[in-house]
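Novice: Predicted model follows, preceded by the sequence.
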Amino acid sequence: MAALATTAAMGAATLAFATGSDRASAQIDPASRAIEYLQTQQSGVNGSIPEGSSTDAVSEQYAIGAAAAGYDPKALRHGSGPSVMTYLTGQAASACTTAGGCGLLIEAVVAANLNPSSFGGVNLITKLKAMYSAGVYGDGEAFTESLAIQGLVAAGQTVPTAAVHHLVAAQDSDGGWDFLLIKDDPNGSTNFDTSDTNSTAMVLMALNAAGTQTRNASAVAWLHTQQDGDGGFPSQAGAGTDPDSTALVLQALLAAGQNPEASSWAPGGHTALAELIATQDAGGGFTFPGNSGPDAFTTAQVPPALSRAPYPLDCGPAVCYKTGAKLSGVRLSAVAPRRIAAGAVRAGARD
């Protein structure tokens, strides 16, 4: 993808690390290994994943990814330091100043089975709704609008019909969506505002979460044209496969009811999931092409895809994880996050 945290910022993960012999090295599934890597990057001072201006977004993705992988985000901490949710509690007001940032924070809070109406002394839902006008959340760009809608659905709120229509109307003629949500942007050749896999994946997840499936076929058909021979996906055609784009598209395919492990999604026998797993570092992290090694910014975006969980998660005790579940503790076996039923009453929006 460009990366989820990067794009959200433009428009806008740990677990008590066990000491001694029962460290998380016993956890060998790819999602657990990614969370283990992220835990090594977590601050023992404030509980965050320090990533400069993207610290809040990466920390939120860390919490969401851990829940998807079967661990309690409230137990995410490095050594005896504070949990990632403790950090996010202290950031509630500042992290919810943009619609995209607020939507992503709500997703993390709900994944941790906490109350977004009262988190860190802030009603995140009220703040997010105040950023809405005539179908547009905040700046109305692809990630902003999608994260806002995903946050509302995660919190059990009704999604305004006009907000869904805003996304639907911006679909490009080729079936994808672009960053600026301008249908067939006439300036696309010069401002790079042409369909990209990241925007398309985020919009597709938002639409399906809100109960609109009418754009699935055309969007999926376009995504098919973007898949590389290694099974992965680039941000845009010709850019080369990267783990974040591959992860987002994998999540979107799941949200749209596709089987990304079917032969139709396996050029040369290579699936998107297999590509992700094959590119995971020995320490559990993921490296963005061109970088010298793995980093938290890139890695935090991958665990939900490894766990086959689209946005938003619908998690809680006995659904995704047991309360207090740590890397060294007991995970729920063979339990995937429940996907919010398309067309649920609380979504309240259709094309």
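Specialist: Ah, there it is. Numbers count the residues shown, from 1 in each chain.

Novice: Neighbours of Leu276, how many?
Specialist: Residues near Leu276, counting by other Cβ atoms under 10 Å, number 22. (C-beta placed from N, C-alpha, C; glycine too.)

Novice: Let me know the secondary structure of it.
Specialist: Counting by DSSP: H, G, I helix; E, B strand; the rest coil, the backbone at Leu276 sits in helix.

Novice: Where does the nearest residue to it once chain neighbours are set aside sit: helix, strand or coil?
Specialist: Once flanking residues are discounted, Leu276 sits nearest to Thr246: 5.6 Å by Cβ to Cβ, 6 or more residues apart in numbering. When the structure is reduced to helix, strand and coil (three-state DSSP), Thr246 reads as helix.

Novice: what's around Thr246, how many residues?
Specialist: For Thr246, which is what you asked about, the neighbour count (other Cβ under 10 Å) is 30.

Novice: Now for it: which residues touch it?
Specialist: Residues touching Thr246, when contacts are defined by Cβ atoms under 8 Å, 6 or more residues apart in numbering, comprise Gly231, Gly232, Phe233, Ala272, Glu275, Leu276, Ala305.

Novice: Among the residues you listed, which one is most surrounded by other residues?
Specialist: Ranked by the number of neighbours (other Cβ under 10 Å), the contacts of Thr246 place Phe233 first, at 32 neighbours.

Novice: Quick check: it vs Thr190, distance?
Specialist: Summarising the geometry, the distance separating Phe233 from Thr190, computed by Cβ to Cβ, to the nearest Å, is 24 Å.

Novice: cool, Ser292 as well?
Specialist: Taking Cβ to Cβ as the measure, Ser292 and Thr190 are separated by 32 Å.

Novice: so Gly100 touches Gln150, yeah?
Specialist: No - under the criterion of Cβ atoms under 8 Å, Gly100 makes no contact with Gln150, lying 9.8 Å away.

Novice: Tell me which of those two has more neighbours.
Specialist: Shown here are Gly100 and Gln150; by other Cβ under 10 Å, Gly100 has more neighbours (31 against 27).

Novice: what stretches of the protein score poorly on pLDDT?
Specialist: 1-27, 315-318, 328-351 (pLDDT under 70).

Novice: could you pull out the strands for it?
Specialist: Across the chain, reading from the start of the chain, the strands by DSSP state E fall at 132-133, 136-137.

Novice: Specify the stretch among the ones you listed that is closest to Ile125.
Specialist: Taking Cβ to Cβ as the criterion, Ile125 comes closest to strand 132-133 out of the strands of the chain, the separation being 11.3 Å.

Novice: Tell me how far the closest one lies from the chain's centre.
Specialist: Between the centre of strand 132-133 and the centre of its host chain there is 23 Å, according to Cα atoms, centre = their mean, to the nearest Å.

Novice: List the single closest residue to Gln258 in space, sequence neighbours excluded.
Specialist: If you skip the residues right next to it in sequence, Gln258 has Val220 as its closest partner in space, 6.2 Å away by Cβ to Cβ, 6+ apart.

Novice: just Ala256 next, same as before
Specialist: Counting by Cβ to Cβ, 6+ apart, the nearest residue to Ala256 once its immediate chain neighbours are dropped is Asn216, at 4.4 Å.

Novice: need the contact list for the one you found.
Specialist: Asn216 sits in contact with Leu204, Asn208, Ala256, Gly257, where contact means Cβ under 8 Å, 6+ apart.

Novice: got it, and Phe192?
Specialist: Going by Cβ under 8 Å, 6+ apart, Phe192 touches Phe179.
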